[in-house]
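> sequence first, then the predicted structure:
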Amino acid sequence: MNLIVMPVVIYLGASFLVPLLFRRDGEKACLAACLFTILGLAVSVLLAVRVFPGGRLITYAGGWENPMGIALMADGLSVLFLLVTNLVSLLVLLFSATYMKRYTGTVNFYVLVLLMLAGMNGVLVSMDIWNIFVFFEIASLASFVLVAFGLGAEEMEASLRYTVMGFLSSVFILFAMAMIYGLTGTLNIPDFAREVSCLPQSHLWFIVSLFIAGFGLKMALVPFHSWLPDAHSTAPAPVSALLSGIFVKVIGFYCVMRISLNVFGHVAQVKTVLLLLGSLSMVVGGVMAYGQKNIKRMFAYSTISQLGYCAIGIGIGGYLGCLGALMHFIGHAFSKSLLFLSAGAVEYMEGTSESEDLRGINDRMPFTTLVSNLGMFGIAGVPPLGNFWSKLIIILAAVGAGYTGIALLCILVAVLTLSYFLRLLRTAYYSRTEGKKEKREVPVSMLAPMFALGAVVLLTGLLLLPPVRSIILDGAVRVMKDFSYRDLSVSVIAE
């Protein structure tokens, strides 16, 4: 079977097989989900081996080519997202093996995660707007239920709000698709990209606005961010890690990037909008995170702030802007997943995630504190971790492009980010407590995935080493900077 289709087939097949084979056995369902995720990661590695040397793989489902066929593609950008998505998912699932025992119906949890992974992997390999939307909806519907998985009042309320905003996002995208089909007669991205220049400016701008609103809502850019803090802070820790670590980046950031750079790259005003939304997101998310007392809620607002850096990177464009945005995505995906898992570990042992009720976590949970430090310093961009370099690159790109004000804003938000994490460490993790300090660490089955994520966070800075950068990052950056669907030859078909 074609390698490009395999990640989607694996997860869709698993989401049907797991409940059939292990309807009442959560442990076996977890094991099966992990094995399928390992298989999905292995396929992603095989795709990377074929794509990273330079090039892309293109195929058409059922052998039908344009304009009737469903086009699928793996290039340097999509494969990099596939690798990060499946690696983070595997580590989160390993963590959930113990954590989710507190919940009933855990088989359903793993089915929903597999469906969400099928949707995200499908978005990453699709070249047809309709199929992107279908996979987008599969991932979104699964995420709506996962947010409410604990069935608590706060979780149900957060899920309802998230669902309403998610449907609003879908309406924006559907309107854009309807306009595209009405004006061009196709939803195939290469065909549509070749017709873009012929569209009236008013129609083009309306389509672009709908797409940015729809996918920007999933990316939680300000002012489309209101759903994220509640959804990510009330959901079970593995769900929060998946949502903040990879979901908002694949369903939001990746789609915004593809639309703004590869389809509408010639529309200069799109980048101006992204710079504006990115700057607002950085500031609003950072200020709101600083005022939070709940650890998970602070991390959720931090996600909004850090995604602002990604939007600014693609808004600036060029080699440095794209490289900075890509580096920031990678560093944030691993660091934020680690932070939500560590917050889940604290909540698992202490029964709360309110910082004012937590004192001296380091005395009781030294290993969890260690990985929490790695996650926070990773997000804050402490050298030599990956997000230090990504922020520095984005700042240099902003200065080089003449956006000195945005460069200064990036520096100020970086300082703000470090300050609220240091305050959290002082008040909750390293504050002194009276009496005997009994160590009560989480089980090794939860610590091991966190340490694995921590090790990856430590290694993210090495991605800029010339041999590594040329193999992994430069190919993805070329797709962001130079690739255009309008130039895509329909005769290049992968086996």
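All right, it came through fine.
> what is the burial count for Leu408?
Applying other CB atoms under 10 Å, we find 13 residues neighbouring Leu408. Yep, even glycine has a C-beta here, placed from its N, CA and C like the rest.
> off-centre distance for the strand or helix carrying it?
Using DSSP states H and E, Leu408 maps to helix 404-424. Mean C-alpha position of helix 404-424 versus that of the full chain (CA atoms, centre = their mean, to the nearest Å) differs by 21 Å.
> what sits up against it?
Helix 404-424 is contacted by residues 275, 279, 282-283, 286-287, 289-290, 292, 295, 298, 302, 305-306, 308-309, 312, 316, 355, 376-377, 379-382, 391, 394-396, 398-399 when judged by CB atoms under 8 Å, 6 or more residues apart in numbering.
> 7 Å instead?
275, 279, 282-283, 286, 289-290, 295, 298, 302, 305, 309, 312, 355, 376, 379-381, 391, 394-395, 398-399 (CB atoms under 7 Å, 6 or more residues apart in numbering).
> what do you get for stretch 196-215?
Contacts with stretch 196-215, where a contact means CB under 7 Å, 6+ apart, come from 169, 172-173, 175-176, 179-180, 183, 224, 252, 255-256, 259, 263-264, 267, 270, 273.
> from those residues, which land in strands?
Among those, none falls in strands (DSSP state E).
> can you turn the buried part of these into a ChimeraX selection?
Command for ChimeraX, covering only those of these found buried under the criterion 16 or more other CB atoms under 10 Å:
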select :169,172,173,175,176,179,180,183,224,252,255,256,259,263,264,267,270,273
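> can you list the buried residues in the helix holding Leu408?
Residues of helix 404-424 classed as buried by neighbour count (16+ other CB under 10 Å): Ile406, Ala407, Leu409, Cys410, Val413, Ala414, Leu416, Thr417, Leu418, Tyr420, Phe421, Leu424.
> just the CA trace of it, in PDB.
Taking Å, rounded to 0.1, in the frame of the first residue of the first chain, the C-alpha atoms of helix 404-424 are listed here in PDB:
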ATOM      1  CA  THR A 404      11.800  46.800  14.800                       C
ATOM      2  CA  GLY A 405       8.700  47.300  16.900                       C
ATOM      3  CA  ILE A 406       7.700  43.700  16.600                       C
ATOM      4  CA  ALA A 407      11.300  42.600  17.400                       C
ATOM      5  CA  LEU A 408      11.100  44.600  20.700                       C
ATOM      6  CA  LEU A 409       7.700  43.100  21.400                       C
ATOM      7  CA  CYS A 410       9.100  39.600  21.000                       C
ATOM      8  CA  ILE A 411      11.900  40.400  23.500                       C
ATOM      9  CA  LEU A 412       9.400  41.800  26.000                       C
ATOM     10  CA  VAL A 413       7.100  38.800  25.800                       C
ATOM     11  CA  ALA A 414      10.100  36.500  26.200                       C
ATOM     12  CA  VAL A 415      11.000  38.300  29.400                       C
ATOM     13  CA  LEU A 416       7.300  38.100  30.500                       C
ATOM     14  CA  THR A 417       7.200  34.400  29.800                       C
ATOM     15  CA  LEU A 418      10.300  33.700  31.900                       C
ATOM     16  CA  SER A 419       8.900  35.900  34.700                       C
ATOM     17  CA  TYR A 420       5.600  34.000  35.200                       C
ATOM     18  CA  PHE A 421       7.300  30.700  35.000                       C
ATOM     19  CA  LEU A 422       9.900  31.700  37.600                       C
ATOM     20  CA  ARG A 423       7.100  33.000  39.800                       C
ATOM     21  CA  LEU A 424       5.400  29.600  39.500                       C
END
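> buried sites along the following helix or strand past it?
Using DSSP H and E, the helix or strand that directly follows helix 404-424 along the chain is helix 444-459. Residues Met446, Leu447, Pro449, Met450, Phe451, Ala452, Leu453, Gly454, Val456, Val457, Leu458 are the ones in helix 444-459 that count as buried (16+ other CB under 10 Å).
> pLDDT and distance to Gly351 added to these, as TSV?
Shown next, in TSV, are the buried residues of helix 444-459 (pLDDT from 0 to 100; distance: CB to CB, whole Å):
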residue	pLDDT	distance to Gly351
Met446	93	16
Leu447	94	19
Pro449	95	21
Met450	96	19
Phe451	96	23
Ala452	96	26
Leu453	95	24
Gly454	94	24
Val456	95	29
Val457	94	27
Leu458	94	30
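> quick one: the helix or strand of the chain with the lowest mean pLDDT to chain centroid distance?
Ranking every helix and strand in the chain by mean pLDDT, DSSP states H and E puts helix 189-195 at the bottom, with a mean of 75. Distance of helix 189-195 from the chain centroid (CA atoms, centre = their mean) equals 27 Å.
> now, the contacts of stretch 196-215 that are in helices?
Residues of the contacts of stretch 196-215 located in helices (DSSP state H): Ser169, Phe172, Ile173, Phe175, Ala176, Met179, Ile180, Leu183, Cys255, Val256, Val270, Val273.
> neighbours of the nearest residue to the third one once chain neighbours are set aside, how many?
Going back to what we said before, that points to Ile173. For Ile173, ignoring the flanking residues on the chain, the nearest one in space by CB to CB, 6 or more residues apart in numbering is Gly214 at 3.8 Å. Gly214: 27 surrounding residues under other CB under 10 Å.
> what helix or strand is Gly214 on?
helix 201-219.
> buried residues in that helix, which are they?
204, 207-219.
> ok, stretch 28-48 next?
Within stretch 28-48, the residues that qualify as buried are 29-34, 36-37, 39-41, 43-44, 47-48, counting by 16+ other CB under 10 Å.
> tell me where the model's unsure across this structure.
1, 62-69, 433-437, 483-495 (pLDDT under 70).
> cutoff 80 now
Applying pLDDT under 80 to the chain flags the ranges 1-2, 53-55, 60-71, 150-152, 185-199, 262-263, 265-269, 432-439, 481-495.
> from Leu174, how far out is the closest residue to Gly26 other than its chain neighbours?
Closest residue to Gly26 apart from its sequence neighbours, by CB to CB, 6+ apart: Thr106 at 3.5 Å. Noted for Thr106: a distance of 34 Å to Leu174, by CB to CB, to the nearest Å.
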